[in-house]
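Colleague: this one's sequence-less:
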């Protein structure tokens, strides 16, 4: 016996339970077909996650780099009475060389010619009092937290900063 689809106008021979089951079954089949289409499309897309082997390789590489950084970041212990190394001068000279060889601004002269604008190094080594005090406090806190025997070294660094501040005040 052939059954015709029920368009809602003709009475159904099925009970209400069977009609609801068929409707759910049709929706389920439609959803499964849609999922199959989406999965087929997704197969061509790259996967957004990293495989476990790749993740472990990346993790071990990062851990190795962190170990190297910790070795590089080791700060020697403070030695009482040690005079400062003119490291800041060497860093400043290196920064100047790098800046001088880099891109420079062009300046239009009154005669219509373009010349390279020279860098102004006049305030390169100056630091405001408020910036100095903030950096001083931060340095003391970091020494206290991260150095071995941090309390003693933080006290020594704080005393040094107090001395430098008093020295600067006496010259101004």
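Modeller: That came through fine. The structure displayed is predicted, hence computed values, not measured ones. Numbers count the residues shown, from 1 in each chain.
Colleague: secondary structure element for residue 40?
Modeller: Residue 40 is part of helix 16-42 when elements are defined by DSSP states H and E.
Colleague: How about residue 141?
Modeller: If you go by DSSP H and E, residue 141 is part of helix 129-146.
Colleague: Okay, angle between the next helix or strand after that helix and helix 129-146 too, please.
Modeller: As assigned by DSSP H and E, the chain's next helix or strand after helix 129-146 is helix 150-170. Using axes from the mean of the first three to the mean of the last three Cα atoms, to 10 degrees, the inter-axis angle of helix 150-170 relative to helix 129-146 is 170 degrees.
Colleague: Outline the domain layout of this structure.
Modeller: Domains of the chain are assigned by the TED database as 21-70, 85-116, 127-171.
Colleague: nearest to residue 77, of those domains?
Modeller: domain 127-171 (7.6 Å; Cβ to Cβ). C-betas here are computed from N, CA, C, even on glycine.
Colleague: pLDDT on the closest one, on average?
Modeller: What domain 127-171 shows for mean pLDDT is 87.
Colleague: So residue 127 belongs to a helix, correct?
Modeller: No: per DSSP: H, G, I helix; E, B strand; the rest coil, residue 127 lies outside any helix segment and is coil.
Colleague: Now do it against residue 29, distance only.
Modeller: Noted for residue 127: a distance of 74 Å to residue 29, by Cβ to Cβ, to the nearest Å.
Colleague: give me the low-pLDDT residue ranges for this structure?
Modeller: For the chain, the stretches flagged by pLDDT under 70 are 1-17, 43-52, 55, 66-76, 82-104, 119-121, 124.
Colleague: measure stretch 109-116 end to end?
Modeller: One end of stretch 109-116 to the other measures 10 Å (Cα to Cα, to the nearest Å).
Colleague: what number of residues lie near residue 143?
Modeller: Using other Cβ atoms under 10 Å, residue 143 is surrounded by 21 other residues.
Colleague: ok, it - contacts?
Modeller: By Cβ atoms under 8 Å, 6 or more residues apart in numbering, residue 143 lies in contact with 150, 153-154, 157.
Colleague: how near is it to residue 135?
Modeller: In terms of Cβ to Cβ, residue 143 sits 12 Å off from residue 135.
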